[in-house]
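J.: For reference, the sequence and a predicted model appear below.
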Amino acid sequence: MEDTSRIEALEARMKTLEHELGTQKDIEEVRRLHYIYMYYNCNRMGKQLLDLISENAESIEIAGRGVYYGKEGFRKNFISPGDPADADVKDIGWSFGNILFQLGGMDVITVADDRQTAKGRFSVLTPVITGFPKKQSVSLNAGVYEQGFVKEDDIWKISKFKYTHSFMVRLEDLRVKPNYSRWPDDKVPADAPTTWYHPFPEAGVLPFHFPNPVTGEMPRELVDPTHYWIGNWPGEFGQKGKKEIDPGK
């Protein structure tokens with residue numbers, strides 16, 4: 001091989017390695033961004049959360065609350081409960097006798113070839129204790145994030161946000177009481193209906209953003225047809241309630 005050909009081959013190899021290394025760096029930065037989001041979210045730090053969001057954000061959808069568009073939609077979701085829709089976001093933390101703690105993992109992060117956008121799927125388990133000592137309530141929830149990310153001025157930010165509860169239950173005498181979390185908010189209404197949400201006892205798999213890594217095929221959508229909650233199925237958005245289930249089933 002002539003010297004020129006060797007140099008061209010080395011340059012091509014270096015370019016490939018730089019791209020692969022850069023992609024791994026992007027994956028780690030996206031993972032770090034999402035975990036920082038969870039730390040802020042655990043501690044009710046709405047201002048910090050909003051700073052993680054792209055100015056050109058697409059949408060946010062949390063559980064059964066509906067879809068909110070743009071960074072303004074994120075602000076509406078990060079304001080303190082009970083505040084008016086036009087309130088500023090604040091870092092407020094928890095008060096005495098209350099705690100929420102997210103344990104995250106199972107991340108699958110996919111960076112686009114141009115390294116300017118990415119998608120991530122993350123799972124989370126969240127114990128919640130409120131009202132200690134007089135009106136103590138203990139609940140446990142778990143769920144899945146399917147997120148979109150964008151690189152702006154070489155900094156990764158959140159651009160699209162979807163979170164669904166797999167289950168949301170209260171613990172009462174070692175028995176579980178299913179909860180919906182969250183219903184639509186009449187005071188801070190959504191821009192569009194919930195797209196996909198089937199918390200326990202309903203069952204389903206939130207669609208993946210990535211294909212099977214061996215076959216290259218996208219898994220088909222899986223949703224058990226048993227209808228328990230009212231408000232999360234097509235045509236029901238805005239309704240609230242649940243159906244009676246035959247305990248003998």
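T.: Received it, and whenever you're ready, just let me know what you need. Residues are numbered from 1 along each chain as shown.
J.: I'd like to know how far the closest residue to Asp91 other than its chain neighbours sits from Tyr39.
T.: Closest residue in space to Asp91, ignoring its immediate chain neighbours: Met45 at 4.2 Å, by C-beta to C-beta, 6 or more residues apart in numbering. (C-beta placed from N, C-alpha, C; glycine too.) Per C-beta to C-beta, to the nearest Å, Met45 is found 8 Å from Tyr39.
J.: Neighbour count: these two, which is higher?
T.: More neighbours surround Met45 than the other of Met45 and Tyr39, with 19 against 12 (other C-beta atoms under 10 Å).
J.: from memory that one sits against Val89, does it?
T.: No. With contacts counted by C-beta atoms under 8 Å, Met45 stays clear of Val89, the gap being 9.0 Å.
J.: Check the burial of Ala190 by counting its neighbours.
T.: Neighbours of Ala190 under the rule other C-beta under 10 Å: 23.
J.: give the contact list for it.
T.: Arg65, Gly66, Val67, Tyr68, Pro184 (C-beta atoms under 8 Å, 6 or more residues apart in numbering).
J.: Tell me which of these fall in strands.
T.: Judged by DSSP state E, these include Val67, Tyr68 as members of strands.
J.: pLDDT on the host helix or strand of Trp156, on average?
T.: Assigning secondary structure by DSSP states H and E places Trp156 in strand 155-172. Mean pLDDT, strand 155-172: 95.
J.: re earlier: okay, the contacts of Ala190 in TSV with neighbour count and pLDDT next?
T.: Output for the contacts of Ala190, formatted as TSV (neighbours: other C-beta atoms under 10 Å; pLDDT from 0 to 100):
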residue	neighbour count	pLDDT
Arg65	21	96
Gly66	25	97
Val67	19	98
Tyr68	24	98
Pro184	17	94
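J.: count of neighbours near Leu17?
T.: Residues lying near Leu17 (other C-beta under 10 Å) number 10.
J.: That one and Thr23: what is the separation?
T.: In this view, Leu17 and Thr23 are 11 Å apart by C-beta to C-beta.
J.: ok so, going back, tell me the helices and strands packed up against the strand holding Trp156.
T.: helix 3-42, strand 59-62, strand 137-152, strand 175-178 (3 or more C-beta pairs under 8 Å, 6 or more residues apart in numbering; DSSP states H and E).
J.: out of these, deepest packed?
T.: Of all the helices and strands packed on strand 155-172, strand 59-62 has the most neighbours on average by mean count of other C-beta atoms under 10 Å, namely a mean of 24.
J.: what's in contact with that one?
T.: Defining contact as C-beta under 8 Å, 6+ apart, one finds that strand 59-62 is touched by 67-70, 73-74, 77, 160-163, 182, 191, 194-195.
J.: Who are the packing partners of the helix or strand of the chain with the lowest mean pLDDT?
T.: Scoring the helices and strands of the chain by mean pLDDT, DSSP states H and E places strand 175-178 at the bottom, with a mean of 84. In terms of contact count using 3+ C-beta pairs under 8 Å, 6+ apart, strand 175-178 is assigned the packing partners strand 155-172.
J.: Kindly recompute the last result at 10 Å.
T.: Contacts defined by 3 or more C-beta pairs under 10 Å, 6 or more residues apart in numbering; DSSP states H and E place strand 175-178 against strand 137-152, strand 155-172.
J.: in the last one, what counts as buried?
T.: Buried residues in strand 155-172, counting neighbours by 16 or more other C-beta atoms under 10 Å, are found at 156-169.
J.: Appreciated, that's everything.
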